[in-house]
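>>> how does the following fold in three dimensions:
(one chain, ligands or ions: 3)
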Amino acid sequence: MTRGIVHAVTGTSTDVGKTVVTAAITAAVGTIGASVAVCKPVQTGVSEDQPGDLADIRRLVGPVVGAECARYPDPLAPETAARRSGMPPVLLSDIIDAVGELAARHDVTLVEGAGGVLVRLAPDLTLLDVSSAVAADGIVVVVPAGLGTLNHAELTVGALRAHGLRPSGLVIGSWPQEPDLAMTCNRTDLSRLTGVPVVGVIPTGAGSLAPDDFRRRAGSWFDPHWLTTEFAVHRREGVPQ
Ligand SMILES: Nc1ncnc2c1ncn2[C@@H]1O[C@H](COP(=O)(O)OP(=O)(O)OP(=O)(O)O)[C@@H](O)[C@H]1O
Ligand SMILES: C[C@H](N)[C@H](N)CCCCCC(=O)O
Ligand SMILES: [Mg+2]
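Ligands and ions are numbered 1, 2, ... in the order given. Just a heads-up that it's a prediction; the model follows:
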C-alpha cells in the first residue's frame, strides 16, 4: 500500500516547543489540503486520565487522528519513567505498527519524540532508531531562540546525520516580540552553522492562542516553499482522503 510521508519532530531538549510546533505544522499542512496525523510514541509526566501532548495538539488545532503507544506518570525520560513505574518499556514494533497505520491513511504523519534526540524511549531505543525504523522522510528540529542554541542545534543535527537521517528544517519554537542580540544573530547563524534552513519561527504566546486564531495564523509561521516542498508535492497517489 502506498503510504503518506512521515516526519519526526525532535528538538534540542525538552520544553523547546516540539508540541506547539507539531500542532502548527498540523494546522499549516492542513490548510494546503493535506491530511495529517500525529504519533506520540511515548508520553511521560501525565497519568492515564490527564491530557498529554496529543491533547495539547487537539486543543490548538481541533480533531486530529493520533496514536500514543505508551505512557508513564513520572515527568522523566521514558526509559527511566517506565522502570520506576514497573510497567514494561515501549516496544519498537508497536511504534512501527502505529506509525504505519497512520501513514497508510494520511498524507502526512508527524512523530513527536520525548525531550531531545538521544533521550531513551526504552533501554536501547531513541528517536534516531524510531526514525530509521519507520524510514522517516525528514526530521524537523525545534530549537530555542536564545544564547546556547547554536551548540545544541549543531549537536542535534550532527547526531541525526551520523545516523543517516535527513534534518528537513529548523523551527524556532518561541520567538519573543523583543528579541535580544543573541536571538537576532542566531536567526542567521543557526542555518549557516548547521547547514539546515530555519523554516519556521513560532511567536511566543502561540501555545495560548484560541484554536481559530492558531489555525488561521499557523501557515504564516513557516516558509511556504518548505511547506509545499516537504508536505504537499509528496502527496501520495492512492492515500484515501
Ligand atoms: N510559541 C510558544 N508560545 C507559547 N508557549 C509556548 C510556545 N512554545 C512552547 N510553549 C510552551 O512551553 C512549554 C513547552 O512547550 P512544549 O510542550 O511544546 O515542549 P516540548 O518540546 O514538546 O516538550 P516535551 O519534551 O515535554 O514533549 C509548554 O508549556 C508550551 O505551552
Ligand atoms: C517529562 C518531559 N516533559 C519530557 N516528556 C521528557 C523529557 C526527558 C528529558 C531527559 C533528559 O534529556 O535529561
Ligand atoms: Mg511535547
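
>>> which stretches of the protein have low pLDDT?
In the predicted model, the chain carries pLDDT under 70 at residues 1, 233-241.

>>> residues from it in reach of ligand 3?
18-19, 53 (Cβ under 5 Å from the ion). Quick note: C-beta positions are derived from backbone N, CA and C, even for glycine.

>>> distance to Arg3 and neighbour count added to these, as JSON lines?
What follows is those, written out as JSON lines (distance: Cβ to Cβ, whole Å; neighbours: other Cβ atoms under 10 Å):
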{"residue": "Lys18", "distance to Arg3": "23", "neighbour count": "27"}
{"residue": "Thr19", "distance to Arg3": "24", "neighbour count": "24"}
{"residue": "Asp53", "distance to Arg3": "23", "neighbour count": "21"}
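
>>> where exactly do the strands run in this protein?
5-11, 36-44, 65-72, 108-112, 138-143, 167-175, 198-203 (DSSP state E).

>>> how about the residues of this protein by ligand 2?
Residues of the chain lying close to ligand 2 by Cβ under 6 Å from any ligand atom are 14, 44-45, 75, 77, 114-116, 119.

>>> which ones are touching the residue of the chain at minimum distance from ligand 3?
Nearest to ligand 3 in the chain, going by Cβ to the ion, is Thr19, at a distance of 3.4 Å. Shown in contact with Thr19 (Cβ atoms under 8 Å, 6 or more residues apart in numbering): 53, 56-57, 112, 207.

>>> and with 10 Å instead?
With contacts defined as Cβ atoms under 10 Å, 6 or more residues apart in numbering, Thr19 is in contact with 9, 11, 38, 40, 52-57, 60, 112, 142, 173, 207.

>>> if any of the residues you listed are buried, put those into a PyMOL selection.
The buried residues among the contacts of Thr19 can be selected in PyMOL (16 or more other Cβ atoms under 10 Å) with this line:
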select buried, resi 9+11+38+40+52+53+54+55+56+57+60+112+142+173+207
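
>>> and ligand 1, which of the contacts of Thr19 reach it?
11, 53, 173, 207.

>>> between the contacts of Thr19, which sits nearest ligand 2?
When those are ranked by distance to ligand 2 (Cβ to the nearest ligand atom), Asp53 comes first, at 7.8 Å.

>>> does the closest one touch Val38 like I think?
Yes: with contacts defined as Cβ atoms under 10 Å, Asp53 counts as touching Val38 at a distance of 8.3 Å.

>>> overlap in contacts, those two.
19, 22-23, 66, 68, 112.

>>> re earlier: now do the residue of the chain closest to ligand 3 against ligand 1, distance only.
Distance from Thr19 to ligand 1, counting by Cβ to the nearest ligand atom, to the nearest Å: 3 Å.

>>> Gly169 too?
16 Å.

>>> that residue: neighbour count?
Residues lying near Gly169 (other Cβ atoms under 10 Å) number 23.

>>> turn the residues of the chain next to ligand 2 into JSON lines, columns for neighbour count.
Converted to JSON lines, the residues of the chain next to ligand 2 look like this (neighbours: other Cβ atoms under 10 Å):
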{"residue": "Thr14", "neighbour count": "15"}
{"residue": "Thr44", "neighbour count": "24"}
{"residue": "Gly45", "neighbour count": "17"}
{"residue": "Pro75", "neighbour count": "10"}
{"residue": "Ala77", "neighbour count": "20"}
{"residue": "Ala114", "neighbour count": "25"}
{"residue": "Gly115", "neighbour count": "21"}
{"residue": "Gly116", "neighbour count": "22"}
{"residue": "Val119", "neighbour count": "22"}
